[in-house]
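[1] Sharing a sequence plus its predicted fold:
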Amino acid sequence: MDIVQEITCWSIFKGFDLYEFMARFVIRIIFPMVKWYVDRELGKLGHNTEGKGPLGIRVHDEKEFYLRLFVGRHTGLFEAHMDKVCTINDVKAMAISGLQSTKTLAFMHPLSTILDRFNLQSRSKAWQVGAEHYDLGNDLFETILCKNLLYTCAYWRNSSDLESAQIAKMDLVARKLKLKPGMKVLDIGFGYGALDYHLAKHYGVSVVAISISKGQIQHATKLCDGLPVEFRICDYRDLNEKFDRIAVIGMMEHVGHKNYREFFKVCNRCLTDDGFMLLHTIGNNDRNILGFDYWCHKYIFPNGCIPYYLQVCKAIEDVFLIEDWQNFGYDYYKTLAAWEVKFEENWDKLAPKYGERFHRMWHIYLNCAQAFFQTRSYQLWQIVLSKRGVEGGYESVR
């Protein structure tokens, strides 16, 4: 099945490349009509090509700009900004305007809808995001993240800075899991190992942590030296041992909706009958917002897919009981804003290695992500699950 799907996806990509190649010739012939159409579609979203105000776009290469937007829509616009074909005055303002419009879906790249129907997170593709994003370079993440290198949403309820908010998030996870010394914990998607260090050192548990990122394990292993923490590079589907608790922090976005059911069944298989599982994930409760975005897939998170709440609930049905569901999505806006400040303040150190195109690309990424959470289009969920329900009820914390 994977081979058939890969051939199909390859054919779709090649077909679209051919369409774009042919369109370049045709569009030059009917350029006035193309320009009118693109300006009309941008106008529906409140944007303009006169460079006026926050929603203005300054066009530097007119024919290339309109060709890219006609063929690639929002992906074409972002690529034009990355390649200096145009300059978007305010990326975040433009993203907010788009998210607040009912016309957004019509301006999405056509492959966003098509590829959302495929299982892009199969075994053969699961490793791609590790190699292309999480292994970009420790220097990048050391520059923009907190000192503990946590690349997930912080918890700002009683915090005023990124460092303390990330520690608060780790303690929140530990308290919701109701950890006790001697427990065995599974961490699916360990990042740089900060959570595993924190749980082992401060809560007296042993941890088995897995990931598909080969670039992070060296840092994580060094950090947890001397603690009862074991790191493994493996696919979650290969797990088959018992744990008292399971933590899944910022990894569900890489599972894909075609695999949710299998994912939860694996977690059920690996959890003791009286154990808890905590799922910390970005989420979406608006069916008009696609879980898969082609620009993000192409440049930031290959094969990434934001969970839709109905898909998650359907996958959990008859596998787990939901004990608690907390949403603190606005905290991710604050987290991303803190990362962007650090990214821009330290860009001069990163520029020689990564270049200006990467700078403009990550500016789009960080600002669009902020827009999703600032407008509450995306959420941040922490869901606590048990296999059979807690006798007497589960008492949650905040």
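    Sure thing, it's come through.
[2] distance of the nearest residue to I300 once chain neighbours are set aside from Y330?
    Of all residues beyond its chain neighbours, the one nearest I300 is Y365 (5.1 Å), with distances taken as CB to CB, 6 or more residues apart in numbering. Where C-beta positions appear, they are placed from N, C-alpha and C, glycine not excepted. Distance from Y365 to Y330, counting by CB to CB, to the nearest Å: 19 Å.
[3] Which one's more surrounded, the two?
    Neighbour count, other CB atoms under 10 Å: between Y365 and Y330, Y365 has more, with 20 against 15.
[4] what helices or strands is the strand or helix carrying the more buried one leaning on?
    Assigned by DSSP states H and E, Y365 belongs to helix 347-374. Contacts defined by 3 or more CB pairs under 8 Å, 6 or more residues apart in numbering; DSSP states H and E place helix 347-374 against helix 62-82, helix 91-99, helix 138-144, helix 294-299, helix 330-345.
[5] I'd like the mean pLDDT over the shortest one, please.
    So that's helix 294-299. Average pLDDT, helix 294-299: 96.
[6] just so I know, which of the helices and strands packed on helix 347-374 lies nearest E323?
    helix 330-345 (21.0 Å; CB to CB).
[7] Buried residues, that closest one. List them.
    D331, Y332, Y333, K334, T335, L336, A337, A338, W339, E340, F343 (16 or more other CB atoms under 10 Å).
[8] what do you get for stretch 46-57?
    Under 16+ other CB under 10 Å, the buried positions of stretch 46-57 are G46, H47, T49, L55, G56, I57.
[9] got a list of what the nearest residue to the second one once chain neighbours are set aside touches?
    It stands for H47. Nearest non-adjacent residue to H47, counting by CB to CB, 6+ apart: L55, 5.0 Å away. L55 sits next to G46, H47, N48, N89, D90, A93, M94, S97 when contact means CB atoms under 8 Å, 6 or more residues apart in numbering.
[10] so how far is S101 from K63?
    As judged by CB to CB, K63 and S101 stand 27 Å apart.
[11] Let me fix that, I meant to ask about Q382.
    Counting by CB to CB, the gap from Q382 to S101 is 30 Å.
[12] returning to what we had before: among the buried residues of stretch 46-57, which are in strands?
    Among the buried residues of stretch 46-57, DSSP state E puts I57 in strands.
[13] wait, what's in contact with the residue nearest in space to the middle of the chain?
    The chain has E253 as the residue nearest its centroid, 5.6 Å off, counting by CA atoms, centre = their mean. Shown in contact with E253 (CB under 8 Å, 6+ apart): T281, I282, F301, G304, C305, I306, P307.
[14] what do you get for F320?
    Counting by CB under 8 Å, 6+ apart, F320 touches F264, C267, N268, M277, L385, S386, K387.
[15] Need the pLDDT of the closest residue to the third one other than its chain neighbours.
    Take N268 and drop its neighbours on the chain: the residue closest to it by CB to CB, 6+ apart is V319, 5.2 Å away. Model confidence at V319, expressed as pLDDT, equals 98.
[16] Report the contact partners of V319.
    Each residue near V319 by CB under 8 Å, 6+ apart is listed here: R261, F264, K265, N268.
[17] Mind checking which of those residues are buried?
    Applying 16+ other CB under 10 Å to the contacts of V319, the neighbour count classes R261, F264, N268 as buried.
[18] would CSV of the helices and strands packed on helix 347-374 with distance to A220 be doable?
    What follows is these, written out as CSV (distance: least, CB to CB, whole Å):
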stretch, distance to A220
helix 62-82, 32
helix 91-99, 32
helix 138-144, 11
helix 294-299, 25
helix 330-345, 20
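[19] out of those helices, which comes closest to Q128?
    Proximity to Q128 (CB to CB) singles out helix 294-299 among these, at 9.9 Å.
[20] Only the buried residues of the closest one, if you could.
    Neighbour counts over helix 294-299 (16+ other CB under 10 Å) mark Y294, W295, C296, H297, Y299 as buried.
[21] try stretch 75-84
    T75, G76, L77, F78, E79, A80, H81, M82, D83.
[22] Between these, which sits nearest R360?
    M82 (4.8 Å).
[23] okay but the closest one is in contact with H359, surely?
    No: using CB atoms under 8 Å as the test, M82 is too far from H359 to be in contact (9.2 Å).
[24] Find the nearest non-adjacent residue to A338, please.
    Spatial nearest neighbour of A338, excluding adjacent residues (CB to CB, 6+ apart): L162 at 4.4 Å.
[25] What score does the one you found have for pLDDT?
    We have a pLDDT of 98 for L162.
[26] Mark which of the contacts of V319 are part of helices, please.
    R261, F264, K265, N268 (DSSP state H).
[27] Just the C-alpha atoms of stretch 281-301, please, in PDB.
    Listed next in PDB are the C-alpha coordinates belonging to stretch 281-301 (Å, rounded to 0.1, in the frame of the first residue of the first chain):
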ATOM      1  CA  THR A 281      -0.800  18.800  21.000                       C
ATOM      2  CA  ILE A 282      -1.800  21.600  18.700                       C
ATOM      3  CA  GLY A 283      -5.400  21.100  17.700                       C
ATOM      4  CA  ASN A 284      -8.100  22.500  15.400                       C
ATOM      5  CA  ASN A 285     -11.900  22.600  16.000                       C
ATOM      6  CA  ASP A 286     -12.800  24.400  12.700                       C
ATOM      7  CA  ARG A 287     -13.500  22.100   9.700                       C
ATOM      8  CA  ASN A 288     -12.900  25.100   7.400                       C
ATOM      9  CA  ILE A 289      -9.200  25.200   8.400                       C
ATOM     10  CA  LEU A 290      -7.200  22.400   6.700                       C
ATOM     11  CA  GLY A 291      -5.000  20.300   8.900                       C
ATOM     12  CA  PHE A 292      -2.400  20.000   6.100                       C
ATOM     13  CA  ASP A 293      -0.700  23.100   4.600                       C
ATOM     14  CA  TYR A 294       1.400  22.700   1.400                       C
ATOM     15  CA  TRP A 295       3.800  25.600   2.100                       C
ATOM     16  CA  CYS A 296       4.400  24.300   5.700                       C
ATOM     17  CA  HIS A 297       4.900  20.800   4.300                       C
ATOM     18  CA  LYS A 298       7.400  22.000   1.700                       C
ATOM     19  CA  TYR A 299       9.500  24.300   3.800                       C
ATOM     20  CA  ILE A 300       8.900  23.700   7.600                       C
ATOM     21  CA  PHE A 301       7.300  20.500   8.800                       C
END
